[in-house]
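Student: output the structure for:
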Amino acid sequence: MLEVLAALSASAAAGIRIAMPLLVIGLLQNDLWTKVPLLSRMSPEIVLGILVSWSLFEIFASKHLLGQRILNLVEVIFSPIVGTIMSMAIAKTTHVEGWLIIVIGVVGGLLALVLQLVQIGWFFRWRGLPVWMLLSQDTLCICLVIFAFDAPQQGGLIALLLLWLAIRSYQDWYQLYKSKTKRFGRLRQKIDSSNYDQD
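Tutor: Down below sits the predicted model:
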């Protein structure tokens with residue numbers, strides 16, 4: 001159970017940022033990214049350069065509206081991939097073997113995608129995320145990766161809490177959409193009836 005919670009914690013971090021959690025997970029291990037799928041086949045120097053560059057871009061570009069739009073586009077594509085990689089890497093470090101690693105990877109990728117979609121939803125709802133929320137996201141992302149190694153219970157519970165908040169957000173947006181649709185329908189009926197009376 002602790003292995004699953006640790007994987008959820010790591011994949012939730014990937015649902016917030018994509019390069020930063022991979023950078024942190026590599027720096028926390030003595031052998032860098034040797035246990036991380038895909039990255040283990042690349043040179044550590046190249047991986048380090050790419051992740052540092054993109055992490056800096058995530059930190060600074062996210063504070064501007066155009067940067068947030070670019071990050072939303074890139075992260076919604078790559079977050080499920082990074083979530084899968086992160087959760088599988090954590091599963092390997094906790095000595096999970098066989099088909100369970102694949103299952104944990106798929107669940108982690110789906111969680112990362114859901115959290116990323118919720119971020120995009122809030123971005124369009126608020127027309128840009130405030131700076132305090134972005135700073136909180138950066139901090140939470142790093143904490144979730146650290147918790148995946150040192151405190152999987154706490155990290156997993158935070159990941160489940162984020163999933164609960166994502167579900168609540170979806171429900172709120174659905175209710176808002178329904179109310180707007182009803183209002184639009186009533187307005188259209190009034191316009192149609194007024195046009196009919198004029199005829």
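Student: hey, which helix or strand in the chain has the poorest pLDDT?
Tutor: helix 152-198 (a mean of 75; mean pLDDT, DSSP states H and E).
Student: pull out the buried positions in the strand or helix carrying residue 101.
Tutor: Counting by DSSP states H and E, the element that carries residue 101 is helix 99-126. Going by neighbour count (16 or more other Cβ atoms under 10 Å), the buried part of helix 99-126 is 101, 103-105, 107-120, 123. C-beta: built from backbone N, CA, C; applies to glycine.
Student: for that helix, what is the average pLDDT?
Tutor: Taken as a whole, helix 99-126 has a mean pLDDT of 90.
Student: which helices and strands sit right next to the next helix or strand after that helix?
Tutor: Counting by DSSP H and E, the next helix or strand C-terminal to helix 99-126 is helix 131-150. With contacts taken as 3 or more Cβ pairs under 8 Å, 6 or more residues apart in numbering; DSSP states H and E, helix 131-150 sits against helix 2-14, helix 19-28, helix 65-93, helix 152-198.
Student: contact partners of helix 131-150?
Tutor: Defining contact as Cβ atoms under 8 Å, 6 or more residues apart in numbering, one finds that helix 131-150 is touched by 6-7, 9-10, 12-13, 16-17, 20-21, 24-25, 28, 58-59, 62-63, 86, 90, 93, 119, 154-155, 158-159.
Student: angle of it against helix 2-14?
Tutor: Angle between the axes of helix 131-150 and helix 2-14 is 150 degrees (criterion: axes from the mean of the first three to the mean of the last three Cα atoms, to 10 degrees).
Student: buried ones in helix 131-150, by neighbour count?
Tutor: By 16+ other Cβ under 10 Å, the buried positions in helix 131-150 come out as 134, 137-138, 140-145, 147-149.
Student: make JSON lines out of those residues and add pLDDT.
Tutor: Output for these, formatted as JSON lines (pLDDT from 0 to 100):
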{"residue": "134", "pLDDT": "90"}
{"residue": "137", "pLDDT": "91"}
{"residue": "138", "pLDDT": "91"}
{"residue": "140", "pLDDT": "94"}
{"residue": "141", "pLDDT": "93"}
{"residue": "142", "pLDDT": "93"}
{"residue": "143", "pLDDT": "94"}
{"residue": "144", "pLDDT": "94"}
{"residue": "145", "pLDDT": "92"}
{"residue": "147", "pLDDT": "93"}
{"residue": "148", "pLDDT": "90"}
{"residue": "149", "pLDDT": "88"}
